[in-house]
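Participant: attaching a predicted model along with its sequence, questions to come.
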Amino acid sequence: MASLTEREKKALLTLLKEFDKYYNAHSMSKVLGISHAGTQKLLKRLLNENLLVSKTIGKSIVYKLKLEDDYVSKLLIFLLADEATRFERWKDEFEGLSKEGRIVMIYGSAIKDYKTAHDIDIMLVIKKGESEEVHKALEEKKQILPKRIHAIKLTKQDLLDNIKKKNKTTLDIIKNAIILSGQETYVELIKNFTIF
């Protein structure tokens with residue numbers, strides 16, 4: 001496959017993070033800030049590269065990620081990790097919370113403009129029985145960081161249940177979050193929701 005452009009990467013990450021929506025060339029063009037025709041060409045290229053699947057609904061062709069393909073899953077894991085490198089400060093800050101099978105996401109005003117943020121919003125997807133360990137690690141961070149930490153802790157099942165119920169808060173967090181660690185676990189969880 002040829003290398004991806006920045007807009008193609010953005011399109012793929014949008015389809016991953018907003019898995020609950022159907023995107024066509026028109027709606028994706030608003031996200032990418034390019035013409036409908038340009039977006040149509042971009043989506044067709046990704047489709048031809050076997051990164052996407054399409055379906056006709058009414059008069060519109062909508063696109064989803066082809067996450068059942070191992071290559072596509074690995075590519076998206078890489079894109080999420082690459083996106084997180086632009087937030088190195090937060091990766092380093094919350095490195096102690098990273099663990100095999102755990103997802104650490106940061107979202108909200110702290111990733112947009114830390115100076116004006118009132119707090120640091122993070123969401124952790126943890127295993128049952130890890131709550132006390134995570135709570136202790138967060139308490140230590142609260143002693144160091146000058147801004148309050150607002151943490152949401154969920155198990156994988158809690159996250160899946162919230163997604164199934166179309167919980168608006170959870171879906172908004174996923175849409176806007178930076179996955180600091182646990183990208184592989186994240187993609188594996190989201191796979192169930194990206195099929196037509």
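Facilitator: On my side now, so go ahead.

Participant: what are the buried residues along stretch 24-37?
Facilitator: Residues of stretch 24-37 classed as buried: N24, A25, S27, M28, S29, V31, L32 (neighbour count, 16 or more other C-beta atoms under 10 Å). For glycine as for every other residue, the C-beta is placed from the backbone atoms N, C-alpha and C.

Participant: what sits closest to G108 if chain neighbours are left out?
Facilitator: With sequence-adjacent residues excluded and distances taken as C-beta to C-beta, 6 or more residues apart in numbering, G108 is closest to D121, at 3.5 Å.

Participant: in which helix or strand would I find that neighbour?
Facilitator: For D121, the enclosing helix or strand under DSSP states H and E is strand 119-126.

Participant: give the buried residues for that strand.
Facilitator: Neighbour counts over strand 119-126 (16+ other C-beta under 10 Å) mark I120, D121, I122, M123, L124, V125, I126 as buried.

Participant: JSON lines for those, including distance to T185 and pLDDT?
Facilitator: Formatted as JSON lines, those follow (distance: C-beta to C-beta, whole Å; pLDDT from 0 to 100):
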{"residue": "I120", "distance to T185": "22", "pLDDT": "97"}
{"residue": "D121", "distance to T185": "20", "pLDDT": "97"}
{"residue": "I122", "distance to T185": "16", "pLDDT": "97"}
{"residue": "M123", "distance to T185": "13", "pLDDT": "97"}
{"residue": "L124", "distance to T185": "11", "pLDDT": "97"}
{"residue": "V125", "distance to T185": "7", "pLDDT": "97"}
{"residue": "I126", "distance to T185": "11", "pLDDT": "97"}
